[in-house]
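Undergrad: Return a 3D structure for these sequence lines:
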Amino acid sequence: MNMILIPSLQGRGSKNTLRGDVSLADATIKLADDSTIPIHKTILVSQCPFFRGLWLGGSWKESGDKIIYLKEDDPNAMMAMIKFLYRREYFPAKDARDSPLEFLACVYEVADKYLVHQLKKDCLTHIKSILKETRNWNADEFLRVIPFVYQSTPQTDRGLRDLMVHAASDHIEDLTKNEAYHKLDTFEFTKDVILKIGGYHHAKVCVDCGLFLRKDIQVNTCHQCGGELYLIEVHKA
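TA: Sure, this is the predicted structure:
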């Protein structure tokens with residue numbers, strides 16, 4: 001079993017002297033990969049509504065158990081969130097691995113689930129910065145992240161979705177040349193992109209699954225579901 005210690009780093013406006021002192025930890029979080037994080041309830045309760053409700057008003061309070069199992073979430077994203085609760089700021093470069101965009105989307109998901117609103121805002125700031133770096137634009141990475149973004153966020157949460165749609169509209173010519181783009185089955189993303197770029201772009205759209213294809217594709221039947229393709233021109237209101 002791997003025990004992860006929170007680094008003793010000072011964050012903005014933080015005067016916390018417990019950080020990094022395992023001897024004063026009064027609970028443990030166990031993650032999906034069975035790694036454990038010794039934590040201080042006072043810190044998490046003061047920073048996160050989820051933990052505040054869990055320890056101050058939930059059944060966990062009466063159980064006497066000092067271990068909380070958080071097995072449903074990505075362990076690396078959870079670790080990033082716990083670090084944020086201690087530091088009050090987020091340094092994604094130290095956590096992201098092969099795909100910074102994908103990792104930040106995972107952190108955004110857990111921040112939303114555990115109601116850590118400032119971390120959500122920080123994730124959006126970092127994601128926006130990545131998407132603006134045209135010199136390092138990676139269409140393959142971007143397209144891999146799209147399904148996760150739309151599956152992990154509700155329709156009412158437009159923050160991350162709007163960033164992805166805006167980036168897609170900026171790079172639409174590049175994306176439509178990518179085979180993976182035409183294999184996307186994320187209808188809501190397709191619809192959002194059409195509405196975003198409407199007014200200067202024609203496209204073929206499947207009436208059944210919403211697949212979005214270049215207008216010059218020489219087929220009239222959707223390769224994904226067999227539905228009929230229509231050539232459309234969308235104008236902004």
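Undergrad: From now on I want contacts and neighbour counts done on CA atoms only, so please keep to that.
TA: Noted.
Undergrad: burial count for residue 30?
TA: For residue 30, the neighbour count with other C-alpha atoms under 10 Å is 19.
Undergrad: in a strand, that's where it is, yeah?
TA: Yes. Membership of residue 30 in a strand is supported by DSSP: H, G, I helix; E, B strand; the rest coil.
Undergrad: Who is it paired with across the strands?
TA: When assigned by DSSP bridges, residue 30 has beta-bridge partners residue 36, residue 69.
Undergrad: Residue 45: what's it in contact with?
TA: 51, 52, 55 (C-alpha atoms under 8 Å, 6 or more residues apart in numbering).
Undergrad: just residue 143 next, same as before
TA: In this structure, residue 143 makes contact with 180, 181, judged by C-alpha under 8 Å, 6+ apart.
Undergrad: That one in helix, strand or coil?
TA: Counting by three-state DSSP, the three-state call for residue 143 is helix.
Undergrad: And the pLDDT at it?
TA: As summarised for this prediction, residue 143 has a pLDDT of 93.
Undergrad: hmm, back to that, scan the contacts of residue 45 and report the most crowded one.
TA: Neighbour count (other C-alpha under 10 Å) singles out residue 51 as the most crowded of the contacts of residue 45, with 19 neighbours.
Undergrad: Let me know the helix or strand that it is in.
TA: In this structure, residue 51 sits in helix 49-57 according to DSSP states H and E.
Undergrad: buried residues in the top helix by length along the chain?
TA: If each helix of the chain is counted by residues according to DSSP state H, the longest one is helix 117-132. In terms of neighbour count (16 or more other C-alpha atoms under 10 Å), helix 117-132 has its buried residues at 118, 119, 120, 122, 123, 124, 126, 127, 128, 131.
Undergrad: Please tell me how far it is from the chain's geometric centre.
TA: With C-alpha atoms, centre = their mean, to the nearest Å as the basis, the distance from the averaged C-alpha position of helix 117-132 to the chain average is 10 Å.
Undergrad: mind listing the strands for this protein?
TA: For the chain, applying DSSP state E gives strands covering 27-31, 36-39, 67-70, 202-206, 212-214, 229-233.
Undergrad: where in the chain is pLDDT low?
TA: Applying pLDDT under 70 to the chain flags the ranges 1-23, 58-65, 91-98, 198-203, 207, 209-217, 232-237.
Undergrad: most centrally placed residue in it?
TA: When the chain is reduced to its mean C-alpha position, the closest residue under C-alpha atoms, centre = their mean turns out to be residue 105, at 1.9 Å.
Undergrad: gap between that one and residue 123?
TA: For residue 105, the distance to residue 123 under the criterion C-alpha to C-alpha, to the nearest Å works out to 8 Å.
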